[in-house]
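[1] Dropping a prediction and its sequence here:
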Number of protein chains: 2
Amino acid sequence: MFKRLSKYINILIKTKKTTIKDIANVLNISAAAVSKALHNDSRISEKTKIAVREVAEKLNYQRNHLASALRSGKSYLVGVIVPRTNSSFFSSVIQNIEEVLNKKGYNIIITQSNESYKKECDSIDTLLFTQVDGIIASMANETVDLSFYEKIKSKGIPLILFDRGENDLNVDYVGIDDYASSHLIVKHLAEQGCKRIAHIGGYKRTRIFNNRIRGYIDALKEHNLPLEEELLIECNLTIEDGRKYMLQLINLQDKPDAVYVAGDYAALGALQILKENTIKVPNEIALVGFGNEPFTAMVTPTISSINQHSEEIGKQAAERFLFYQNEKNIKQNLNKIILNAELIIRDSSKLT
Amino acid sequence: MFKRLSKYINILIKTKKTTIKDIANVLNISAAAVSKALHNDSRISEKTKIAVREVAEKLNYQRNHLASALRSGKSYLVGVIVPRTNSSFFSSVIQNIEEVLNKKGYNIIITQSNESYKKECDSIDTLLFTQVDGIIASMANETVDLSFYEKIKSKGIPLILFDRGENDLNVDYVGIDDYASSHLIVKHLAEQGCKRIAHIGGYKRTRIFNNRIRGYIDALKEHNLPLEEELLIECNLTIEDGRKYMLQLINLQDKPDAVYVAGDYAALGALQILKENTIKVPNEIALVGFGNEPFTAMVTPTISSINQHSEEIGKQAAERFLFYQNEKNIKQNLNKIILNAELIIRDSSKLT
DNA sequence: ACAAGTTGCTTAAACGTTTAACTAAATAAT
DNA sequence: ATTATTTAGTTAAACGTTTAAGCAACTTGT
C-alpha cells in the first residue's frame, strides 16, 4: 500500500485534484466503496473506513461539490435575498443564518434587491438557476405581485420569509411582534407623561407597518389618549421623509409632545429637523425610532429604539429551512414565528 | 412537431425539470445538437437554432448549472470575502461587483470574515469547496499569515484583492491612493490654518494604514509642520479606540488643533469625546475621518471624510476577475489599480 | 447439514451537460 | 469526374459522485 500511495502522491503533484477514484486505486477497492466509507455507510467495515479516511487525508482529498450535488440533486446552497446589506439588521440576520447553515454543510448566496421589485425578480431567477436548495428572503418594499415568489414554491424548494413577509404566500415567517412593539413604545411615552403622541409610519399595505399602526392606535385607546388624524402619517420612512413630516408636525397648531417613527433613518431625519428648529428633545418633543441601528446610539441625543433581535431571527429562519431538508415532500403552510421585541430607552425619550 | 411538443408539455407537468434531452426528443435531433445550438455553435444551422430556442422557451427549459459546471470545470460562481457587510463601503463594493459579474453570467457568494483570521480561513475553504471560479477579497485586519491565500493561488483560480491587500501575494489589487489621501487631508487642514495636526491611524503592519501614516508624515514636511511623536498614534480604529486616544490627545500639555483619524468609526468616537469635553469642533480642534460612512453626514457636526470610490473599486475588481476568464493559464502578477480618492469637506473641519 | 441472514464489498447506471472525434451529404475546386 | 472542403449534424465518452442491485463469503439457526 505504501508503494501505491507514494506513487499516487507523485502523480498528484502534476494532476489537479484528488478524486475518490484515486483513493480507490491506492487501496485497491472500488470507488463506490470509497464513497460509502466517506459517508459512513454501515455496509463498509471499520477497517476500510479508517484506511479510506487516512488516504483521503494524505492525498488532500476534497469532495467535488458539483458532482455530488448533481448526482444527489442537492446543491447545499441556500439563497438569501435582502433589500440591502448595509443595514445592521440585515447584516446581522445574514451572519446568523450563515452560522447555523455552515455548521450543517450549507453555504449561502446573498443577493440584494435594493428595494426594487425588478431586481428582486432577477435575484430569484439567478438563485433558482444556481439550483439552491431553498430561499430565505425579506421582501422589497415595492413588492406587491407575488408571482415570482410563487415560482419558488412551485419548484418544490422551501421558502422562508423574515421581517418583511406576506401571509398570502402561506410559507414560514420569522419576525418580531410589531403590534406589541407599538404598545411598548406608546406605553413608555405615556408613562413619561406624553399626551399627544404622533406616529410617522410606513404604508399600511406592508404588513409589518400595518401592524405597527394598529398597535399604535390600540395602545392609544388603552391609555385613554385621543387618536388624532393629523398625528398619523404614512410614508417611505427615508431620512427625507422623516424631515418632511416632522416639519409638518411641528407646524401644527397643536404640536405633538412625542413622535414615534417606525424606522430609524426617518427618526434621524426627524431629529435633524427638531435640532434645526431648536426644539428640545425629549422635553419639548420626545422621539422614538425603530430598528436599533447603531447610529441611534451615536447621535446627540441618542435615540430610543426597538431592538428587532436580528440574531434570533437569522437563527430561526435557518432552522426552519433545515427542518424541511429532513422532510420527504415539502408541504409548506403559513407558520409564523413571532419574537418579542425589546425597547431600548435612550436620551431622546427620557423626560426629566 | 406539434404533436411531439404537446405530448412533452403534458409529461412536463408531472416531471420536475426540462433537460436538453427533452428538447432533443421533441425536435428529433441529438442532445449534443441542442447543447451546441444553445451555445450558438457555428456548426449548427440557423434553422435548428431557432427551433431549439423556441422549444426551450415553450418547455421552460433552464440549464442545469451543476451539470454544466461539472462537465466544463466552470461553476460561474465567484467568491467574495469581506471583513463585514454592514459598512456602506463594503456593501457598495459588493453591489458593484455583483452588477458587473451578473451581466456576464456569474453569480457571487458573499462571506464575512468579521475581521477574524480563523473565520477568513473557513470562508476560503468553503469557497474552494464550492468550486468557485475565482475569489475577490478584502483581508481581515488580523490576517498576517498568507498561507490560506496562497492556497487559492495554488488551485489555479484568480485572486483579486481590494482595499485591504498585500503586495507579497503578487496578485491583482484595486484600491485608492492612501498616501495621496493623507496629503489631501493634511493640505486641507493646513489651509484652514491648523498647525498641530495629530493622526490617529491604524497599525503600520497593514499596508493601507502604513501608507496613510507615510502620507501624513511626508505631507507635514511639505507644509513645514513639525512631526511630533505624541501626535501620531496607532490603534485598531474602533469607536472605543477613537474615544481613548482622543482623550489622550486633549490631555496633552500642548493640544493638537486638528486630528486626522484614519477611520470613520474612530473619528466618531473622537467626536463624542470632544463634545463631552465641550471642545469646539472645528474651531478649537478640527476633525477629519476616513471612509465617508453615511453617519459622517448625520452627526453634529458633520464629519469631513475621504470618499473611497467604492463603486469604482467594485467594478474594477470584477473586471480584473473577468480578464482572467478569457486567459488560458492564469499567471497572476502584482498588478495594482490605484484610484484617486476624494476629500469631502464637512463642518468638522470648516474653520470660521 | 443446509437454508436464511448478514457482512462487505463490486458493478454499472445515473445525474445533465459538454466536447472531441467522427460521418454523411452537399458543395466547391481542379 | 474525381478529390477536397464545408456544412450540419451524430456518437460516445467524460466530469466525479451516488446508489440500486447483485454477489461471494461468512455466520447463524434449526
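    Looks like it arrived, so ask away. Residues are numbered from 1 along each chain as shown, chains lettered A, B, ... in the order given.
[2] Now residue A:161. Its backbone dihedrals?
    Note on residue A:161: its backbone torsions stand at phi -100, psi 150 [degrees, to the nearest 10].
[3] That one is in contact with residue A:168, isn't it?
    No: using CB atoms under 8 Å, residue A:161 is not in contact with residue A:168, being 11.0 Å away. Glycine gets a C-beta too; all of them are placed from N, C-alpha and C.
[4] more neighbours, the two?
    Shown here are residue A:161 and residue A:168; by other CB atoms under 10 Å in any protein chain shown, residue A:161 has more neighbours (24 against 11).
[5] Assess the claim that residue A:110 and residue A:84 are in contact.
    No: using CB under 8 Å, residue A:110 is not in contact with residue A:84, being 10.7 Å away.
[6] Which one's more surrounded, these two?
    Legend: neighbour count by other CB under 10 Å for residue A:110 and residue A:84, higher for residue A:110 (26 against 19).
[7] That one: what's it in contact with?
    Shown in contact with residue A:110 (CB atoms under 8 Å, 6 or more residues apart in numbering or on different chains): A:80, A:82, A:85, A:94, B:85, B:109, B:110.
[8] The second one - nearest residue in space that isn't next to it in sequence?
    Meaning residue A:82. Counting by CB to CB, 6 or more residues apart in numbering or on different chains, the nearest residue to residue A:82 once its immediate chain neighbours are dropped is residue A:90, at 4.4 Å.
[9] can I assume the one you found sits in a strand?
    No: remark: residue A:90 does not belong to a strand; assigned using DSSP: H, G, I helix; E, B strand; the rest coil, it is helix.
[10] contacting residues for it?
    A:82, A:83, A:84, A:138, A:310, B:86.
[11] can you give me the strands in chain A?
    A:77-82, A:107-112, A:134-137, A:159-162, A:172-176, A:197-201, A:232-234, A:258-261, A:286-288, A:305-307, A:335-339, A:342-344 (DSSP state E).
[12] And the contacts of the fourth one?
    Contacting residues not belonging to strand A:159-162 are listed as A:93, A:134-139, A:149, A:152-153, A:169, A:171-175, A:313-314, A:317, A:320-321, A:332 [CB under 8 Å, 6+ apart].
[13] if we take the contacts of residue A:90, which one ends up nearest to DNA strand D?
    residue A:82 (30.8 Å; CB to the nearest atom of the strand).
[14] got the contact list for the closest one?
    A:90, A:93, A:94, A:110, A:111, A:112, A:113, A:137, A:138.
[15] List buried residues within these.
    A:90, A:93, A:94, A:110, A:111, A:112, A:113, A:137, A:138 (16 or more other CB atoms under 10 Å in any protein chain shown).
[16] Once you drop chain neighbours, what's closest to the most centrally placed residue in chain A?
    The residue lying closest to the centre of chain A (CA atoms, centre = their mean) is residue A:93, at 4.3 Å. Excluding its sequence neighbours, the residue lying closest to residue A:93 (CB to CB, 6+ apart) is residue A:314, at 4.1 Å.
[17] thought the one you found was touching residue A:95?
    Yes: the criterion here is CB under 8 Å, and residue A:314 meets it with residue A:95 at 6.7 Å.
[18] So between the two, which is more surrounded?
    Counted by other CB under 10 Å, residue A:314 and residue A:95 do not tie: residue A:314 has more neighbours, with 27 against 17.
[19] mind checking pLDDT for that one?
    Looking at residue A:314, its pLDDT is 98.
[20] What residues does it make contact with?
    By CB under 8 Å, 6+ apart, the contact set of residue A:314 is A:92, A:93, A:94, A:95, A:96, A:97, A:99, A:100, A:162.
[21] Against residue A:273, how distant is the residue nearest to residue A:93?
    According to CB to CB, to the nearest Å, residue A:314 and residue A:273 sit 34 Å apart.
[22] all helices of chain A, in order?
    Remark: helices assigned in chain A by DSSP state H are A:2-14, A:20-27, A:31-38, A:46-58, A:65-72, A:88-103, A:117-129, A:147-154, A:178-191, A:207-222, A:239-250, A:264-276, A:310-325.
[23] Is there proximity between the fourth one and DNA strand D?
    Looking back up the chat, that one is helix A:46-58. No: figure legend: helix A:46-58 not in contact with DNA strand D (CB under 7 Å from any atom of the strand); closest approach 9.5 Å.
[24] quick one: buried residues of that helix?
    Going by 16+ other CB under 10 Å, helix A:46-58 has these buried residues: A:49, A:51, A:52, A:55, A:56, A:58.
[25] And stretch A:251-268, by the same measure?
    For stretch A:251-268, by 16+ other CB under 10 Å, it's A:256-268.
[26] does any bit of that stretch sit next to chain B?
    Yes: against chain B, stretch A:251-268 shows contacts by CB under 8 Å from any CB of the partner chain at residue A:268.
[27] how distant is that stretch from the center of its chain?
    A distance of 27 Å separates the centroid of the chain from that of stretch A:251-268, by CA atoms, centre = their mean, to the nearest Å.
[28] now that stretch: mean pLDDT?
    Mean predicted confidence for stretch A:251-268 is 96.
[29] Just the C-alphas of it, formatted as PDB.
    Taking Å, rounded to 0.1, in the frame of the first residue of the first chain, the C-alpha atoms of stretch A:251-268 are listed here in PDB:
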ATOM      1  CA  ASN A 251     -46.000  73.400  12.200                       C
ATOM      2  CA  LEU A 252     -49.300  72.200  13.500                       C
ATOM      3  CA  GLN A 253     -51.300  74.500  15.700                       C
ATOM      4  CA  ASP A 254     -51.400  71.800  18.300                       C
ATOM      5  CA  LYS A 255     -48.000  70.300  18.200                       C
ATOM      6  CA  PRO A 256     -47.400  66.700  19.400                       C
ATOM      7  CA  ASP A 257     -45.300  66.200  22.500                       C
ATOM      8  CA  ALA A 258     -43.900  62.900  21.300                       C
ATOM      9  CA  VAL A 259     -43.300  61.300  17.900                       C
ATOM     10  CA  TYR A 260     -42.900  57.500  17.300                       C
ATOM     11  CA  VAL A 261     -41.200  56.900  14.000                       C
ATOM     12  CA  ALA A 262     -41.500  53.400  12.500                       C
ATOM     13  CA  GLY A 263     -37.900  53.400  11.100                       C
ATOM     14  CA  ASP A 264     -34.600  54.700  12.500                       C
ATOM     15  CA  TYR A 265     -33.500  56.500   9.400                       C
ATOM     16  CA  ALA A 266     -36.700  58.500   9.300                       C
ATOM     17  CA  ALA A 267     -36.300  59.100  13.000                       C
ATOM     18  CA  LEU A 268     -32.800  60.600  12.300                       C
END
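[30] Report how many residues lie close to the residue in the stretch 101-250 of chain A that DNA strand C sits nearest to.
    Closest residue of the stretch 101-250 of chain A to DNA strand C, CB to the nearest atom of the strand: residue A:131 (9.5 Å). Residues within reach of residue A:131, counting by other CB under 10 Å, total 23.
[31] Correct me if wrong: it contacts residue A:78.
    No: judged on CB under 8 Å, residue A:131 makes no contact with residue A:78 at a distance of 11.1 Å.
[32] can you put the contacts of residue A:314 in JSON lines and add distance to residue B:126 and pLDDT?
    Compiled in JSON lines, those are given as follows (distance: CB to CB, whole Å; pLDDT from 0 to 100):
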{"residue": "A:92", "distance to residue B:126": "20", "pLDDT": "92"}
{"residue": "A:93", "distance to residue B:126": "19", "pLDDT": "96"}
{"residue": "A:94", "distance to residue B:126": "15", "pLDDT": "94"}
{"residue": "A:95", "distance to residue B:126": "14", "pLDDT": "92"}
{"residue": "A:96", "distance to residue B:126": "16", "pLDDT": "95"}
{"residue": "A:97", "distance to residue B:126": "14", "pLDDT": "96"}
{"residue": "A:99", "distance to residue B:126": "12", "pLDDT": "92"}
{"residue": "A:100", "distance to residue B:126": "14", "pLDDT": "95"}
{"residue": "A:162", "distance to residue B:126": "23", "pLDDT": "97"}
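[33] Closest one of those to residue A:243?
    Closest to residue A:243 out of the contacts of residue A:314 is residue A:92 (27.1 Å), distances taken as CB to CB.
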